[in-house]
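A.B. asks: Predicted model and sequence below, questions to follow.
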Amino acid sequence: MKQLFLTSEINLVADDISKKNNRPLVNFLVMPHWGSDIFKEYYKKMSQHAYYMKVPMIILTDTQYVWVTNELIQIVDVNK
C-alpha cells in the first residue's frame, strides 16, 4: 500500500472515506502514547516527515484522549 505524505492526497482519501461512511473525519493526526519507550523509534522516524506533511498533529500521552463534538476539540486527561 502506498504511504500518503501529501496533504492533498490525505484530504482526497479522507473525503472519499467520509462520503462512503457518511461520517465526518477530523483534519488532524493523533499521535498517542507520547513518551512511551515502545513507540520511541517510530516517533523519531515520524518526526522527520511531520513538518513536510503539513497536517496538524495532536500529541497525546497514555492518559489522554481527544474528544470531538461538532466544532469543539478537547484533550481530556483521565488523571485530572
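C.D. replies: Structure's in. What do you need?
A.B. asks: tell me the pLDDT at His33?
C.D. replies: His33 carries a pLDDT value of 89.
A.B. asks: Show me what secondary structure element comes after the worst-scoring helix or strand of the chain on mean pLDDT.
C.D. replies: Counting by mean pLDDT, DSSP states H and E, the chain has its least confident helix or strand at helix 7-21, which shows a mean of 54. Per DSSP states H and E, the first helix or strand lying C-terminal to helix 7-21 is strand 29-31.
A.B. asks: And for that following strand, what's in contact with it?
C.D. replies: Contacting residues not belonging to strand 29-31 are listed as Tyr43, Met46, Met53, Val55, Pro56, Met57, Ile58, Ile59, Leu60, Val66 [C-beta atoms under 8 Å, 6 or more residues apart in numbering]. From N, CA and C alone the C-beta is placed, and that goes for glycine too.
A.B. asks: Can you tell me which of those residues are buried?
C.D. replies: Buried by 16 or more other C-beta atoms under 10 Å: Tyr43, Leu60, out of the contacts of strand 29-31.
A.B. asks: Identify the bridge partners of the residue minimising distance to the centre of the chain.
C.D. replies: The residue lying closest to the centre of the chain (C-alpha atoms, centre = their mean) is Leu29, at 1.6 Å. For Leu29, the beta-bridge partners are Met57 (DSSP bridges).
A.B. asks: next one: Asp77
C.D. replies: Gln64.
A.B. asks: Could I get the contacting residues of it?
C.D. replies: Taking C-beta under 8 Å, 6+ apart, we find Asp77 in contact with Thr61, Thr63, Gln64.
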